[in-house]
Each structure stands twice: as C-alpha cells, then as structure tokens.
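*Asks:* Next one to model:
(2 chains)
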There are 2 protein chains.
Amino acid sequence: MNVYGEHYRTIWLKENNPNVVQIIDQRHLPHKFVIEDLATVADVATAIKDMHVRGAGLIGAAAGYGMYIAALHAPKESFMESLAAAGEKLKATRPTAVNLAWAVQRQLDTVDAVAGGIDAKIQAARQTAQAIADEDADYCRRIGEHGVAIIEEISRRKNGDPVNILTHCNAGWLAFVDYGSATAPMYAAHDKGIKIHIWVDETRPRNQGARLTAWELGQHGVPHTVIADNVGGHLMQHGLVDLVITGTDRTTYTGDVGNKIGTYLKALAAHDNGVPFYTALPSSSFDWVMRDGLKEVPIEQRDGTEVRYIQGLHDGEIKQVLLTPEDSPAANYAFDITPARLVTGLITERGICEASEAGVLGLYPEKR
Amino acid sequence: MNVYGEHYRTIWLKENNPNVVQIIDQRHLPHKFVIEDLATVADVATAIKDMHVRGAGLIGAAAGYGMYIAALHAPKESFMESLAAAGEKLKATRPTAVNLAWAVQRQLDTVDAVAGGIDAKIQAARQTAQAIADEDADYCRRIGEHGVAIIEEISRRKNGDPVNILTHCNAGWLAFVDYGSATAPMYAAHDKGIKIHIWVDETRPRNQGARLTAWELGQHGVPHTVIADNVGGHLMQHGLVDLVITGTDRTTYTGDVGNKIGTYLKALAAHDNGVPFYTALPSSSFDWVMRDGLKEVPIEQRDGTEVRYIQGLHDGEIKQVLLTPEDSPAANYAFDITPARLVTGLITERGICEASEAGVLGLYPEKR
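*Replies:* The predicted model follows:
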C-alpha cells in the first residue's frame, strides 16, 4: 500500500545490495517513518523480538528473509547445521507466531532439497524468501476479494449507509507484506466505493491499533475513529458496530482463534449483541496440529515494562512516560484465545468458512 | 486511608479557614501528591468537571461542600435562587454521576427547611456537607464489613492461598471520602490477614486503575499487579481470577450497573468463566427511578483528546504524549452498562443482595 503516495511493501531486499534486507521500523510509527537495514541473522532476530516488524505474515516473511541471510553467511563445511541453528534462533523470538516456524521450516526443506552446491542453495533461499513474501501479498489480496462480500451485503441492508467495522490490534498491511488480513476486505470495500467506517481499538499495551491501524487507514483515506479497548462492548450494545473483523497469530484447524490480548472480550460482546465476528487469515496462520486452542496454544508473556510505560510524541520527539506508580508491578500477557463457538466465520485466501474442523477442512481438504 | 503514613480523607475543610475546601488534586497522582484549595463554586465545578476529584462518593461530597461554599457567597436577597443556580452549575459538570444531583438536592432541601436567617442556613449547609462526607466514609466502611465475607469464603476454599480479585477503574478510597466501595472489602480482608492479590485494570483512557488504584493499594501495602484492560478475559479463562469487584457511578434499582467503560466486557468474561462478579456501592449510587439501565442511563461522551493523548512521568516531570496519528479522530464514551443478568450481587452498606428489583428493594424496603 502507499506511504505518503509512494508504494511500499513492509519488507524487501535493498536496491543495489540484495545481501541486505530492508524493513519499515514500525516502532517509530505513526510519528516517524524509518527504514532499517538488516544485514545479519542477529539483526533479523532483534527486529522480530523487539517488534521493529510484527504481525503474523510479516514475521513469517522476515523469518524467510532471515534464513536467506543465514544462508549467505553460513560456513561451507557446516552449511545445513548453521542454517538449522539460525532457524532455532529465529523461532525463539516470538513463541506464539505460527508463521515463524512455518517459514523457517519451508526454507530448511527447500534448501536441503537443492542438489547443487552452496551457491545454488543460497539462490534457492533467496527465491524462497521472495516467494514467501509474494504469496503473503497475494493471499491477503484474495482475502480482500472474499471478505468484501460480507461488507457489501451489510451495506445493501443499510441502504448504503456507512458499514461500521470494529477491528482490534493491527492485522493491516503493516502486519503482512501488503494489503493485510483483517484490513484487506476493508481496503477492497473502500476501493469499490462502499461506504465504511472503522472503529480502531487502540490495543494496549503496545497500541498497535492507535499507532499502526489508524496510520495505515489514514494513509489510504479510509474513515476511522480510534477508541480505547474498553469501548467496543458499549458500541455493540447501541447498534454502532455492524461487523467485527480481526486477524490472528495462530488459529487451530478447529477454529479457535489466538490473537492479540483482548480479542476474546470483543468476541464475547459481539456474541452477546448478535454482531457477526469474523477472523481473516491466510492459511499459513492455521495450526494443523492443535485441537484445543485454550489448552494448547502457548501464550507469550512479555515484559511488564510495556504496560508501565508508553511512548508517544511530545514536542516533536518520541518519548516514553511512566503510567503507574514507580513500584507497582505489571503483568503482560500478549495474546488470548477466542473459542470457535464465538467466531462467526473465517475469511481465508480460499474463501469463507465456518470456524470449525468441518469448515476449515472443507476449504483445505488436503489437510484431512 | 494513609498517604505516606499520614491519615487523609479525599476532601475536607481547610484548617484555620473553613471557608475554603481542600482536595487531593488527583490529576497528578501517582507521580505527585498535590493539595488544592477550592474557594468558589466555580473552583468546585472545575474540580469536578476536569476530574481533580472523581468517583461517585467523592463527587457527591464535593457537590455537598460546593453547595456550602455557594451558601457562603449567596446574596441575601436571592439566597435560595442563588443556591439553586449553583446546584444547576454543579449538576451540569458530570451528567452520569447520580450522587451529584443527590447531594445538591439534599443541600437545597435542608437549607430551605431551616427556619432561621441566612447565618443559620449557612451553618446548616456546612453541617450537611460534613454529614454527607461522614456518611460516605461510614457507608464505605460498612460495605467492607459485608463484602469481606465473600473473600473469606473463597480464601477458606483455597486453603489460605491468595484470593485473586480483579477490579476496574478506581472505586477506591480516592473515589469516596475514605475506604472506597470496591476496595473496602479488599482493605478489610487485608487488615484481617487474609491473603489477597488484586489485578488492577489500568482503565483507559484516563488510567484511573494504573494511576489511582495501584497507588492507593500500594500505599496500604496490598499486593497488586497492573494489567491492560484487555487481559482480564484471558486471566479468567485460566482460573487466575477468583472474584471481580467493581464500583458503579449509577446502578438502577433493577440491578443494571453503570460504571466506567469496559466494565461490561469484564462482566461478560466473568459470566463466561463462572467467576463471581460483584458491584459494591453505597445506597447513594442507586437510581430509584430508572428501570432499564441500557435504555435510560445517560452515557457521558468526553473529549477524544483523552484517548489521543496520555500523561505520564518523564525525567521527573508529568508530560503529555500523543498516541495516535496527528489527524486520526477518537471517540470517548466514558461509561457502559452491565445488565443485571451478568451481576452476581451488589454489596451495599446494608448487606449483600441480588442484582434485581426484588433483591435491592428487599434491602431498601422504604423505596418500594
């Protein structure tokens, strides 16, 4: 999508130096637009762990490019071992993100299968990194094509009045390589001239909604309003939300949705008020092994500092301020699980299905 | 309760100058402890409107003292008219707070009924202001005595392991004159030696939990952990919450609880996970007229600036930082309604009752 009128992806190989990966360092958004060079696996691991890049698809793409960088620097005599070690390092950065392990494994399998020498393997790693990024963008575009039908139908029912869509966190193009998952149907609707308005949950503690979703919607000209995470229930009680669309970091093939902490609370409110609740995801975000999201999906606990401090713009500079008493501890669970029973449907690159084993396997019969 | 080891109420007449009211200016907590003088009705109105003081009981007490200040300055020839006008001014500051209108009306009725001259009326206004404050503290103390039984029983069931209690916003002693409503059972339990641990919702957008509840619990030595408002559902899904206790700004006599935005979401999660959800309130917070909270309780909309900016401590100074893109709008609904069906019970100064017309009128038969 566009940034100040110019098209960007969220990750790419540097022009004139394809040994270096470039990303948008999202820690500075929405206040500053910073491009960062990643030249080593350690750089990529730090960028993922410290959330210069974040979001299911983008983490996967970053891991893909990270494995390509690992291949560039792997010693000849222990090439595959070195690559495997890099993969372990990358996988350890964000335990909840299923795309991470998926991208690492795809690189290992591909490179391992290449018959030629080291150069051919490096070439394969580069092509695979590029393919992971391209597929991510393509899948998101298709999610938009499928999901827009839901918005169109509500728009017809409302005689063209704006369709109010609530979203949590950032499952926008900034979380993928392009288009986004939850935002793809919104961008598709907006581009078709369907009137929409997005309620953007600010998404504490890291405020990905207020910082990233609001910024990218604004750049694309989509009407939106930022709200505290506490507000969604009230809006639904008063008919001010027609539809919820969220992304996911990991969804079980049985339909349990692991997503940014607080998603479950919105799903409960949607259910209590008869508001349809959809999760949009490319198939790389499905977990094909876990049956019970609540019992099985590991939930990352991050440092309490992220709750106690917040950053924002003051006098033109990004500053961090302390929100709590100096000596009050804070806990920081990063994700929660929304049980399938609260999810109206899943929007994937293959179409829309019920959030259930039958629904998901109906779209992905090869996973049976 | 104590501040740095010294006992304070949240509002009082200035020593050596009882024509001036003093408050703790809560906007500076937890970083600075500031006492403010209020000498005019305009001072009091500003203090309520701009939330130097906030919370159901304290707003009522402030309105009571504000009416006393109004009496001090009311012209002889239009004494009652002037008082009534001051009452209107005070009532307009925070439309959702039922204690406000209640305290103003109590002052008007009392002063009107005094047979003597102006001096006697002023004296009555001062006594009434003092009585409203004293009753508030006494009612909260009694809420603690009744509510502690719920905590004691859970503690017994857990063989003395810490009872995990989640609370939203600040319904602590800072929201009343002393003890608090939601916190009164917690303080009572802690003082009896029952092990408790409080999950403190930070309560965006104004962060009364992170700023005020965490601070007052810390001052009293109660173990607590600050969490983002998004976290409660996850904690309940994993058995990490034994009990929810919130306060309320206005609860209908049918049991619908109007409280800080986001309370409804926590009540939904409590209901979904079989966690008891109680609301603690002095009877001054009951609305004896409204039947249907969702349809009838007015919900205050505050300025979006409170969502877009947040304040905290940076380099020893309280600073405000911008959280959103410069041009993204924000909406700021301050309260929501938790339907009675989601409320396990109400803890009042007279005891605990079901959140229903029968339950409430059983405790307050004179309101039938």
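*Asks:* confidence score at A:Ala101?
*Replies:* With respect to pLDDT, A:Ala101 has a value of 93.
*Asks:* residues near it, how many?
*Replies:* By the measure other CB atoms under 10 Å in any protein chain shown, the count of residues near A:Ala101 is 18. In this view, the C-beta of every residue, glycine as well, is placed from N, C-alpha and C.
*Asks:* before we move on, what SS does the nearest residue to A:Ala269 once chain neighbours are set aside have?
*Replies:* Of all residues not flanking A:Ala269 in the chain, A:Gly233 sits nearest, at 3.9 Å (CB to CB, 6 or more residues apart in numbering or on different chains). Of the three states, A:Gly233 takes helix according to DSSP: H, G, I helix; E, B strand; the rest coil.
*Asks:* Check the contact between A:Gly233 and B:Lys266; I expect there is one.
*Replies:* No: in this structure, A:Gly233 is not within contact of B:Lys266 by CB atoms under 8 Å, at 9.3 Å.
*Asks:* Mind listing the shared neighbours of those two?
*Replies:* With contacts taken as CB atoms under 8 Å, 6 or more residues apart in numbering or on different chains, the residues that reach both A:Gly233 and B:Lys266 are A:Leu265.
*Asks:* Would you mind listing what in the stretch 101-250 of chain A touches chain B?
*Replies:* Neighbours of chain B within the stretch 101-250 of chain A, by CB under 8 Å from any CB of the partner chain: A:199-200, A:202-205, A:207, A:210-211, A:214-215, A:218, A:224-235, A:237.
*Asks:* ok, 6 Å please
*Replies:* A:204-205, A:207, A:210, A:214-215, A:218, A:225-231, A:233-234 (CB under 6 Å from any CB of the partner chain).
*Asks:* where along chain A do the helices fall?
*Replies:* Assigned by DSSP state H, chain A shows helices spanning A:41-49, A:56-73, A:79-91, A:98-113, A:118-157, A:183-191, A:208, A:214-220, A:232-237, A:263-273, A:293-296, A:305-308, A:357-363.
*Asks:* Relative to A:Leu243, which of those helices is closest?
*Replies:* Closest to A:Leu243 of those, according to CB to CB: helix A:118-157, at 6.1 Å.
*Asks:* Which strands or helices does the closest one pack on?
*Replies:* helix A:56-73, helix A:98-113, strand A:163-167, helix A:183-191, strand A:345-348 (3 or more CB pairs under 6 Å, 6 or more residues apart in numbering or on different chains; DSSP states H and E).
*Asks:* Of all the helices of chain A, which one is nearest B:Arg126?
*Replies:* Of all these, helix A:232-237 sits nearest to B:Arg126, with 39.7 Å by CB to CB.
*Asks:* can you put the helices of chain A in TSV and add distance to B:Ala63?
*Replies:* Converted to TSV, those look like this (distance: least, CB to CB, whole Å):
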stretch	distance to B:Ala63
helix A:41-49	52
helix A:56-73	51
helix A:79-91	59
helix A:98-113	55
helix A:118-157	45
helix A:183-191	45
helix A:208	41
helix A:214-220	38
helix A:232-237	26
helix A:263-273	33
helix A:293-296	47
helix A:305-308	34
helix A:357-363	56
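*Asks:* closest one to B:Glu77 among those?
*Replies:* helix A:232-237 (46.9 Å).
*Asks:* and A:Thr251, how many neighbours?
*Replies:* A:Thr251, neighbours per other CB under 10 Å, totals 31.
*Asks:* what's the closest non-adjacent residue to it?
*Replies:* Spatial nearest neighbour of A:Thr251, excluding adjacent residues (CB to CB, 6+ apart): A:Val257 at 5.0 Å.
*Asks:* re the thing from before, for the helices of chain A, which one sits closest to B:Leu29?
*Replies:* The closest of the helices of chain A to B:Leu29 is helix A:305-308. By CB to CB, the value is 15.2 Å.
*Asks:* can you pull the pLDDT of A:Ala84?
*Replies:* Per-residue pLDDT puts A:Ala84 at 98.
*Asks:* what's the distance between it and A:Asp112?
*Replies:* Look at A:Ala84 and A:Asp112: by CB to CB, to the nearest Å, they are 9 Å apart.
*Asks:* Of the two, which one has the most company?
*Replies:* Set A:Ala84 next to A:Asp112 and count neighbours by other CB under 10 Å: A:Ala84 wins out with 17 against 13.
*Asks:* Out of the helices of chain A, which is closest to B:Gln22?
*Replies:* For the helices of chain A, proximity to B:Gln22 was assessed by CB to CB; helix A:305-308 is nearest, at 30.5 Å.
*Asks:* Check the offset of that closest one from the chain's centre.
*Replies:* With CA atoms, centre = their mean, to the nearest Å as the basis, helix A:305-308 stands 22 Å off its chain's centre.
*Asks:* OK, contacts around A:Leu235?
*Replies:* Going by CB atoms under 6 Å, 6 or more residues apart in numbering or on different chains, A:Leu235 touches A:Val241.
*Asks:* swap that for A:Glu357, please
*Replies:* Residues near A:Glu357 by CB under 6 Å, 6+ apart: A:Thr254.
*Asks:* Quick one, grab the pLDDT at it.
*Replies:* Taking A:Glu357 on its own, its pLDDT is 98.
*Asks:* Tell me the spacing between the residue nearest to A:Thr251 and chain B.
*Replies:* Using CB to the nearest CB, to the nearest Å, one gets 13 Å for the distance from A:Val257 to chain B.
*Asks:* Report the buried residues of stretch A:267-284.
*Replies:* By neighbour count on 16 or more other CB atoms under 10 Å in any protein chain shown, the buried set for stretch A:267-284 is A:267-272, A:275-284.
*Asks:* contacts for it?
*Replies:* Here stretch A:267-284 makes contact (CB under 6 Å, 6+ apart) with A:60, A:99, A:102, A:139, A:143, A:147, A:181-182, A:232-233, A:236-237, A:241, A:243-246, A:248, A:251, A:257, A:338, A:342-349, B:265, B:268, B:272.
*Asks:* go on, stretch A:344-354?
*Replies:* Applying CB under 6 Å, 6+ apart, the set of residues contacting stretch A:344-354 is A:139, A:142-143, A:146-147, A:276-280, A:282-283, A:355, A:359-360, A:362-363.
*Asks:* got the CA coordinates for that stretch in CSV?
*Replies:* Provided in CSV are the C-alpha atoms of stretch A:344-354 (Å, rounded to 0.1, in the frame of the first residue of the first chain):
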residue,chain,number,x,y,z
THR,A,344,-19.0,-16.4,13.0
GLY,A,345,-16.5,-17.4,10.3
LEU,A,346,-13.0,-17.4,9.0
ILE,A,347,-12.0,-15.4,5.9
THR,A,348,-9.2,-17.1,4.1
GLU,A,349,-7.5,-16.9,0.7
ARG,A,350,-9.7,-19.7,-0.5
GLY,A,351,-13.0,-18.3,0.7
ILE,A,352,-15.1,-18.0,3.9
CYS,A,353,-15.8,-21.0,6.2
GLU,A,354,-17.3,-21.8,9.5
